[in-house]
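**Q** any chance you could fold what I've pasted below:
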Amino acid sequence: MLGWLRPKRKAEAAPARTPDGMRIYAVGDIHGRADLVEQLQQQIELDAAQHPGKDRRLIYLGDYVDRGPQSREVLERLSTEPPAGVTTHCLMGNHEQAMLRFLADPAGYAQWLEYGGLATIESYTSGQWRMDPDDLGDIAAVLSDAVPAHQLEFLKGLELYRCFGDYLFVHAGIRPGVPLEAQQIEDLLWIRGEFLSATTPHPFVVVHGHHVGDAIDVRKNRICVDTGAYATGCLSCVILDGSDRFRMDTQEGGPVPLTKESPAHV
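**A** Here you go, the predicted structure:
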């Protein structure tokens, strides 16, 4: 990932830009809402078709499973049915990491069931489950048998980040002040407070999910695209093209110009 090794952007630098000729669609946390993914993908396909000369990239920012009722269907769509007209990149979220860890060590990572994992298990199996320490091994075995091999391969192959132009795409964020090549996986997938409160420029404008908000949150050094889709029905996407920014979502459509003064709808 040589894209990490860039000089830091200065506070007075020109607005962040994508590489020339590149149009990027970055989608926030999905959390088991296959219905919303299908709808948003159709919107993205329509927009991409209007920009045939562009290098069109679609980046999913992670957290595809848990909480919502359709984790299996989300993974099936993402792993087998990419939208037409775009090159797709799927990043890992902390919930995918937790799911893989539970499958490998159910007793050590039983906490996954407490923050959404049971919904994922129920999307693959019939009936409802409860978190019983005596049943963890059985639950993991049932889930392991139920997850198709191509979905498991998809999960294990998820990328930690992508970098294009002046933008870094990652699930949770980065630890401020730490060299980019030294960032820890746990921070990339889980960080909250130190990253969210940072106001100084990062080497890139960070486009991320993980932190639910009432709208797409645009700051000078980051853009958060998580609008709580599993609960709100609003799956959001930020579109970046040169120095232009737009929003698109499953409630109001789009694209609509995105600025700090014009937040996205929830």
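
**Q** residue ranges with poor pLDDT in the chain?
**A** 1-13, 127-133, 260-266 (pLDDT under 70).

**Q** for the longest helix along it, name the packing helices and strands.
**A** If you go by DSSP state H, the chain has its longest helix at helix 34-49. For helix 34-49, the packing partners by 3 or more C-beta pairs under 8 Å, 6 or more residues apart in numbering; DSSP states H and E come out as strand 22-27, helix 71-80, strand 236-241, strand 244-249, strand 253-257. All C-beta spots, glycine's among them, are computed from the backbone N, C-alpha and C.

**Q** Serialize these to CSV and add fields for distance to residue 179 and mean neighbour count.
**A** Compiled in CSV, these are given as follows (distance: least, C-beta to C-beta, whole Å; neighbours: other C-beta atoms under 10 Å):
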stretch, distance to residue 179, mean neighbour count
strand 22-27, 24, 24
helix 71-80, 31, 21
strand 236-241, 25, 26
strand 244-249, 27, 22
strand 253-257, 34, 16
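
**Q** so can I have TSV of the ones you listed showing distance to residue 145?
**A** Formatted as TSV, these follow (distance: least, C-beta to C-beta, whole Å):
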stretch	distance to residue 145
strand 22-27	30
helix 71-80	13
strand 236-241	34
strand 244-249	36
strand 253-257	40
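
**Q** closest to residue 203 out of the ones you listed?
**A** Nearest to residue 203, of all the helices and strands packed on helix 34-49, is strand 236-241, at 16.7 Å by C-beta to C-beta.

**Q** next one: that closest one to chain centre, how far?
**A** 13 Å (C-alpha atoms, centre = their mean, to the nearest Å).

**Q** next: stretch 146-163.
**A** Relative to the mean C-alpha coordinate of its chain, stretch 146-163 is positioned 13 Å out (C-alpha atoms, centre = their mean).

**Q** for stretch 175-185, same thing?
**A** The answer for stretch 175-185 is 19 Å, by C-alpha atoms, centre = their mean.

**Q** identify all contacting residues around it.
**A** Contacts with stretch 175-185, where a contact means C-beta atoms under 8 Å, 6 or more residues apart in numbering, come from 4-5, 97, 160, 168, 174, 187, 191, 194-195, 198, 200, 202-203.

**Q** cutoff 6 Å now
**A** Identification of contacts with stretch 175-185 by C-beta atoms under 6 Å, 6 or more residues apart in numbering yields 4, 174, 187, 198, 203.

**Q** now stretch 32-45
**A** 25, 30, 67-71, 73-74, 77, 83-85, 229-230, 235, 248, 250.

**Q** swap in 8 Å and give it another go.
**A** By C-beta under 8 Å, 6+ apart, the list of residues contacting stretch 32-45 reads 25, 27, 30, 58, 64-71, 73-74, 76-78, 83-86, 116, 119-120, 123, 229-230, 233, 235, 237, 248-250, 253-254.

**Q** distance of residue 226 relative to residue 166?
**A** Plainly put, residue 226 is 21 Å away from residue 166 if you go by C-beta to C-beta, to the nearest Å.

**Q** who has more neighbours, the two?
**A** A count of neighbours by other C-beta atoms under 10 Å puts residue 226 above the other of residue 226 and residue 166, at 26 against 19.

**Q** the more buried one: what secondary structure?
**A** coil (DSSP: H, G, I helix; E, B strand; the rest coil).

**Q** regarding residue 223, what is its secondary structure?
**A** Assignment for residue 223 (three-state DSSP): strand.

**Q** which residues of the chain fall in strands?
**A** Using DSSP state E, the strands of the chain run over 22-27, 55-60, 87-90, 161-164, 167-170, 205-208, 217-218, 222-224, 236-241, 244-249, 253-257.

**Q** list the contacts for residue 31?
**A** Here residue 31 is in contact with 63, 64, 65, 66, 67, 68, 95, 116, 229, 230 (C-beta under 8 Å, 6+ apart).
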